[in-house]
Structure formats: C-alpha cells, structure tokens
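>>> next come a sequence and a model predicted from it.
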Amino acid sequence: MSRVSGGIQKFEMKVPVHIYANEYILSRIEQDRTLDQISNVACLNGIQKHAIALSDAHQGYGFCIGGVAGTDAEDGMISPGGVGYDINCGVRLLRTNLSVNDVKPVLPDLLNSIFRNIPSGLGSKGKLNINFSELDKVLDEGLNWTLNNDYAIEEDLIHCEERGCLEGANSDLVSSKAKKRALSQLGSLGSGNHFLEIQRVDEIYNPEIAKQFGIHEKDQITVMIHTGSRAMGHQVCTDSLRSIEKAMRQYNIHVPDRELACVPANTPPAQNYLQQMACAANFGFCNRQLITHWIRESFQNILNQDFENLDLNLIYGVCHNILKIEEHKVNGKKVKLNVHRKGATRAFPPDHPVLPQDYKKTGQPALIPGTMGSASYLCVGKPKAMDLTFGSTAHGSGRVMSRSKATKKYWGSTVRDKLADEGILVKAASMKVIAEEAPGAYKDIDQVVNVSHDLEIVEKIVRLRPLGVVKG
C-alpha cells in the first residue's frame, strides 16, 4: 500500500497498521487524523512488524497519541514525534491502609493541603531551591538523586519503571535554555490533563493479585499522580526536532509528514536525542517522586500519622511518553527494537526479566487513568501483549474533543458543581482548566480498557473512583 504526501511523492507502507478498537472506539478515532498518522508511521524506514493504534488513540504531533512503533535498533528510525513533547509523562499509584470513612471527614482539608503543598497550573514553579549543578545530577541520576536527598525510599525505586533512571543520560548535551526553563519547575504539577487524585477502590476483579499490590478491600484509599517533565521535556523535544530536521537533508531522508522528522538510530543526531531524552525522562521521574514526598507530608499533617503507618507506599510508576530499546520477537526471532510509546503504557507479562521480584508472578502493573468524573484502572500485562502491542496498552481515556471546543461547550464552574453533586471535590488553578478537562471531552474509559482486557493485552485487577482531584 502507498501513501501520497502533497500529491507529489509516494511512500510505501512497510508494515501493516493494527488498530485495537471496538465500534465505539473506532467511531471516535475516525473523527480526526489518527488513521492517517498511524499509516504514515508505517512508512518509516526500519519499522518492524506493525504500526499500532491503541484503544485511546487520537490525533497528536507526528505519531497519534496512543501509538506504538518498533524500529530496528541499529539503523531504524528514531523520531521525537514518536515520544512527544512531554517526555516521560507518566502515572504512579500509591496505596494506603485508610478507608473512605477515615478520609471523608478530612477530605476538604486534605485536598487544600495538597493544593498548597504542590504547585500547579501553567508555568507553575516548584518549591525546591536547587542550582544548575544539582539539576545536572537530577538529569543524570533520576530517582537515585531523590533517594540520596531523602525524598524517596528504596521501595519507591524498586516499584518504578527502570528504577526511575534511564541509562545513557548526559546532562552536558541538554541546552542551557532547557535547564533555565526547567530549573524552577522541579516538583510541580503543571497544567492541562495533569492531576493528583485521591481515590477509593470501587471494584476488585482479581483479589489475589490485588493483595500482592496491597489492595485488600473496596473503599480502600489510593492516590494517583499524573504529570511529566514540564518544560525540560518540551525544550529537549524542540531542540532535537530542529537538529534532526536539518540532519534529514544530510541523510536524504523523506517522510510523508514533516512532524515525523527522524534519523537512523546509529547516527549522531539520533544518539544525541536519546541521551537528552533520558535526561528529560529522569527529570520526569524525579518530578513525580517529589510530588509523592509532599503528598505524604500532607497526609501526615492532616491525619497526624507517619506515612509508613498509613502504608502510603508506591504500587508502581509508569511512563507513557518514552522510547526504549527492548527485545521483542519479529518473525519468530528475538530482535532489539527502538520501541516508541506515544501515549502508551508499557504492560509486560509475568516473569519478564525487568519486573521487580515481588511482581514477577503478577505481571507489570499497568495504570490507565480516566477523567476526573470517571474510573481509573489498575491492570497487569499479559503474555499476548508482547505479540500484539510490543508489550503496551492504552495510557488513558484519550480525547474526543479539543481543549478549545471543550471550553466552548462547558463552563468550568458548572463542571465543578456537577462533580461536587456526585461526591467528587475538585481544586484547580483555574475554571478554564476544569472546562478543558470536562469528562465529556474524553472517551469512555470503560470502553478503552475493555478493548485491552478482552484482547488479553492486560487483565483488569482494580477499578478506582475519584473522591478528590487537583488539576493543573
């Protein structure tokens, strides 16, 4: 099959496109450029096996969000558009030994404390006072920096993807502009769809695996964190796209969409990007860890108990905008691939070598958040995921409405009041953000997750419902 760009040049799809959707999902996907974008990805040199659109897919920059592609690790293409601007945007889930009855009386105070303790909103600045030398350590060391500075415990690293540190990070390559923009933002939520959520366990589908994660009963309290690398990731992506677009002329590379700017993995521009991307990823890991630390402080202050006594511990932390070099089977042979996950969560099965020892038998926890008015899911990866999706699943609901359309359709105060009537308290930097993130602007999370569950990409373990939400 051929793709025609601008009516001038034909691009051959080198692999098939696989779209994982039911009729509901497909009808939403067809409303934007998702299908065009994933078809364009299938034209990239060195792409292996298939180009994938997951059940939360929607239009993005270059790749669709909810897109996965693996390219040959030696000379396949590296495309920053396959990761996105918010490098290592991700999610982590904390458990507690608290129940709804323990938290309900103090929920407003708890939410206010978290809102005060963790800066949020566009351009928000963290409350850390670090210099550029310390920032370089954050970029190079990831969660090891937070451990060494008493913002983390060892278990936080064990239960985080890659132990919270991507190899190959080289802070010397990161531009001074990126460092200046990000220096004051470490430990902040940011804006858009980023959130902090106090949740209750609504349904337990697999009690045995749930117990392995410290979840024992309905109405148990959990906390979910969703944010990324702030301006660091954005500037790294911007800088890298600029250099890669120039290099494409040097290497005579053509793509059906300029947003798919890419170069072979074995070239200096690609290696430069990967090292900078690792730095931004490490910033993202540390950002979520600092937020975790301050959430623990808020719980301690409001409930007058140490976080250890509250069992406020990390179940798992995942990335969903990242590129990893991984081993997968293609045509029956194990090969190393550059796996681009753009709005896609890693979901490795039981006994995968990268999993922590206590999760070897369960499979990797895969966190799929919904909207501030709907459920979120704790799932685990299944063996079929390795064949169907390079060990990946959806990363969330996926938008069906742009932010500008959402603000025209919804009033922030109306959305907030409706959620309050449903027992969900919301704090946000502005009413505009609440309107942009109205539940109606997203796909039905149950439909999104059920596609992956029914295909045995993941297994649903626990469904969570929001009680209190802080939006960026």
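Sure thing, it's come through. Numbers count the residues shown, from 1 in each chain.
>>> when you work out contacts or count neighbours from here on, use the C-alpha atoms and nothing else.
Will do.
>>> can you tell me the closest non-neighbouring residue to Tyr205?
Ile461 (4.9 Å; CA to CA, 6 or more residues apart in numbering).
>>> doesn't that neighbour lie inside a strand?
Yes - judged by DSSP: H, G, I helix; E, B strand; the rest coil, Ile461 forms part of a strand.
>>> neighbours around it, how many?
21 (other CA atoms under 10 Å).
>>> report pLDDT for it.
On pLDDT, Ile461 comes in at 99.
>>> cool, Glu436 as well?
We have a pLDDT of 92 for Glu436.
>>> give the helix, strand or coil label for Leu110.
Applying three-state DSSP: Leu110 is helix.
>>> can you pull out the helices in the stretch 301-450 of the chain?
384-389, 403-409, 412-421, 431-436, 445-454 (DSSP state H, counting those that start in this stretch).
>>> name the helices or strands packed onto the second one?
The criterion is 3 or more CA pairs under 8 Å, 6 or more residues apart in numbering; DSSP states H and E, and the helices and strands that helix 403-409 contacts are helix 431-436.
>>> next one: the first one
Based on contacts counted as 3+ CA pairs under 8 Å, 6+ apart, the elements that helix 384-389 packs against are strand 392-394.
>>> show me what the strand it packs on pairs with in its sheet, parallel or antiparallel.
Applying DSSP bridges, strand 392-394 is found paired with strand 344-346 (antiparallel).
>>> the residue nearest to Tyr205: what's it in contact with?
Counting by CA atoms under 8 Å, 6 or more residues apart in numbering, Ile461 touches 204-207, 209-210, 377-380.
>>> neighbour-wise, which of those residues leads?
Cys379 leads those on contacts (other CA under 10 Å) with 29 neighbours.
>>> from Phe63, how far out is that residue?
Separation of Cys379 from Phe63 (CA to CA, to the nearest Å): 25 Å.
>>> then Leu467?
34 Å.
>>> more neighbours: the two, which one.
Per other CA under 10 Å, whichever of Leu467 and Phe63 has more neighbours is Phe63, with 33 against 26.
>>> please report how far the nearest residue to the more buried one once chain neighbours are set aside lies from Pro16.
Of all residues not flanking Phe63 in the chain, Gly82 sits nearest, at 5.3 Å (CA to CA, 6+ apart). For Gly82, the distance to Pro16 equals 17 Å [CA to CA].
>>> so these two - more neighbours on which side?
Neighbour totals were compared for Gly82 and Pro16, and Gly82 leads with 29 against 16 (other CA under 10 Å).
>>> was I right about the residue nearest to Phe63 contacting His340?
Yes - assessed by CA atoms under 8 Å, Gly82 is found in contact with His340 at 5.4 Å.
>>> overlap in contacts of these two?
Overlap of the contact sets of Gly82 and His340 (by CA under 8 Å, 6+ apart) consists of 67-69, 323.
>>> looking at these, which are in strands?
Within those, residues falling in strands by DSSP state E are 67-69, 323.
>>> from what I can see Asp109 touches Phe299, true?
No - if you go by CA under 8 Å, Asp109 and Phe299 don't touch, sitting 9.9 Å apart.
>>> in terms of neighbours, single out the busier of those two.
Phe299 (21 against 16).
>>> so which bits of the helix or strand containing that one are buried?
Using DSSP states H and E, the element containing Phe299 is helix 268-303. For helix 268-303, the neighbour count (16 or more other CA atoms under 10 Å) marks 269-300, 303 as buried.
>>> got the contact list for the residue lying closest to Val106 once chain neighbours are set aside?
Excluding its sequence neighbours, the residue lying closest to Val106 (CA to CA, 6+ apart) is Ile302, at 7.4 Å. By CA under 8 Å, 6+ apart, the contact list for Ile302 reads 106, 109-110, 113.
>>> separation between Ile302 and Gly84?
38 Å.
>>> same check on Tyr20?
Relative to Gly84, and taking CA to CA, Tyr20 is found at 21 Å.
>>> more neighbours: which of these two?
Set side by side, Tyr20 and Gly84 show more neighbours around Gly84, with 28 against 21, by other CA under 10 Å.
>>> that's a helix at that one, yeah?
No - the assignment for Gly84 by three-state DSSP gives coil, which leaves it out of any helix.
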